[in-house]
Every structure is written in structure tokens, then in C-alpha cells.
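Peer 1: turn this into a model:
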Amino acid sequence: TNAYDPDNNDYYLNDIVSISAGKSFAMALKNDGTVYTWGDNSKGQLGDGTRVNKPTPIQVLRGESPEEEENVAPAGSDYLINIVMISAGANHALALTKTGYVWAWGDNTYGQLGNNSVTSSSMPVQVRNPISDGYLDGIIKIAQGMYHSVALTSDGKVYTWGRGADGQLGTGNTSNSLIPVAVVTAASTSETEDAQYLTNIVDIAAGDDFTAALDNKGRVWMFGNN
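Peer 2: Model (predicted):
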């Protein structure tokens, strides 16, 4: 059956340009950059500020933007806007803005929202920048595993965060991370040796507990549960 438009139950949801599905919830991105969700909301994964399940689509609300940047969450808007890509994990969601910032909401048991906490959120929160006090930017693609998140930067690097027990974060260890960490191809073997980071990546994908990255030479890199 077609999904109903939440603004008018006489019409079906339309003008959709992208969709994504989690464990028991669904997401849709409209051509005007707004996001709609429906289904299970027990972890706040619908992004409407509640934990109430929704049998028809609702629009994702605007989260708090600490920096109040116009290009992240323009003042005066009650809803998340300027979104160009969406991705659903098991019980959490990601949305990428046209200016390269990432919003996350839902289950945060393993830090998969990337905001340096393990507190789940029913409202979108911004993913933190791992090397500054600001927020992750310069992102061109996002992907989700079951309990981990993945982002590709415009300069071909990959960042991951969330559950790392199977090595799916690509950091050379099996620790969880509450903020984004850069994927490495070879971990440093001494305190004075720098890690070798995965570079020249053009696409990313994630399974339940593993991650894949495609480089500009057509090679595929894999890490996580094997």
C-alpha cells in the first residue's frame, strides 16, 4: 500500500526522491529537502520528539543547533530541512545536509549518534567533529550498519562511530566510539608512528556489523565481522 501524506490523508506521500529502511521503521526524503518517517518509535528513531509509534508518515523535527548556523538548521524552521541523503540503522537514523553536516537521532546505546554520549535522542542531534569542538562537516555520503554509522568526506576519507566490537569501525581495535574516528589501513606500531589512513574513497556501504569502502582505482576495502 502507498504511504499517506501526513498533511492530507486523502493523498498519498509523493515527491519522494530517496528512501531507507531500518529494523522496524522507514524513512523518506522529499524533493524539498524534508524528511518523513513512520513505524516503530520505541527508541525515538522517528525524530518527532516522542517514543510513540506512527502508522503513517510524520515529518522529522528540527534538532537544536548549538551554533545556530543558517546553513545547518535555519532559524524559524520547526522541521529538519536542506537534507540531501538519508540512511537508517537498526533503530537510529542519519540525515546529511546539502552543506555537508550530519544529523542523527534514535538509539544511541553504542554511541551511534556520534554526539559523544550514549543517551538516545528522539530529536535530531548534530554529529561531533573528532578533531575540534565543532561538528562533522565536509561529508558527501552516509551509510548505516545495525549499530554503527559511516560517513565519507569530500577529500576521500572515511569516518565511523558507534559499535566496534567486530572491528566494523576500521580503527584497528574493537572499541566502541562515541564520536567519529578515521578509518585506517594500518595502525601505528609505536607512539611516534602515525597511523595510515584510508584515502581516495569514492563510495561507502555498511552491513549489520561490517563496512565496505570503494576507492578511486576500483578496489574494495572491507572491515568488520568476517
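Peer 1: how far off centre is stretch 26-43?
Peer 2: 13 Å (CA atoms, centre = their mean, to the nearest Å).
Peer 1: so the spatially most central residue of the chain is in which element?
Peer 2: When CA atoms, centre = their mean is applied to the chain, the residue found nearest the centroid is Leu94 (2.9 Å). Leu94 belongs to strand 92-97 when assigned by DSSP states H and E.
Peer 1: hang on, the earlier thing: hey, what's the residue nearest to the centre of the chain bridged with?
Peer 2: With DSSP bridges as the criterion, Leu94 is bridged to Ser87, Ala104.
Peer 1: got the contact list for it?
Peer 2: 86-88, 102-104, 127, 142, 144, 149 (CB atoms under 8 Å, 6 or more residues apart in numbering). The way it works is simple: take the backbone N, C-alpha and C, and place the C-beta from them, glycine included.
Peer 1: how near is it to Ala205?
Peer 2: Leu94 sits 14 Å away from Ala205, going by CB to CB, to the nearest Å.
Peer 1: ok, now Arg219?
Peer 2: When Arg219 is compared with Ala205 (using CB to CB), they lie 14 Å apart.
Peer 1: then Asn31?
Peer 2: In this structure, Asn31 and Ala205 are 24 Å apart, going by CB to CB.
Peer 1: more neighbours, the two?
Peer 2: Remark: of Asn31 and Ala205, Ala205 carries more neighbours, 16 against 10, as counted by other CB atoms under 10 Å.
Peer 1: so what's the backbone phi/psi at that one?
Peer 2: phi -150, psi 160 (degrees, to the nearest 10).
Peer 1: beta-bridge partners for it, please?
Peer 2: In this entry, Ala205 is beta-bridged to Ala212, by DSSP bridges.
Peer 1: I'd say it and Thr211 touch.
Peer 2: Yes. In this structure, Ala205 is within contact of Thr211 by CB atoms under 8 Å, at 7.5 Å.
Peer 1: quick check: neighbours shared by those two?
Peer 2: Listed contacts common to Ala205 and Thr211 are 143, 150; contacts here mean CB under 8 Å, 6+ apart.
Peer 1: in which helix or strand would I find Thr56?
Peer 2: Per DSSP H and E: strand 54-59 holds Thr56.
Peer 1: same question for Leu178.
Peer 2: With DSSP H and E as the test, Leu178 turns up in strand 177-182.
Peer 1: mind giving me the packing neighbours of that strand?
Peer 2: Secondary-structure packing of strand 177-182 (3 or more CB pairs under 8 Å, 6 or more residues apart in numbering; DSSP states H and E): strand 158-162.
Peer 1: show me what the strand it packs on packs onto, helices and strands only.
Peer 2: Where contact means 3+ CB pairs under 8 Å, 6+ apart, strand 158-162 is packed against strand 148-153, strand 177-182, strand 210-215.
Peer 1: just give me how far the next helix or strand after the last one sits from the chain centre.
Peer 2: With elements assigned by DSSP H and E, the helix or strand that comes after strand 210-215 is strand 220-224. Relative to its chain's centre, strand 220-224 lies at 19 Å (CA atoms, centre = their mean).
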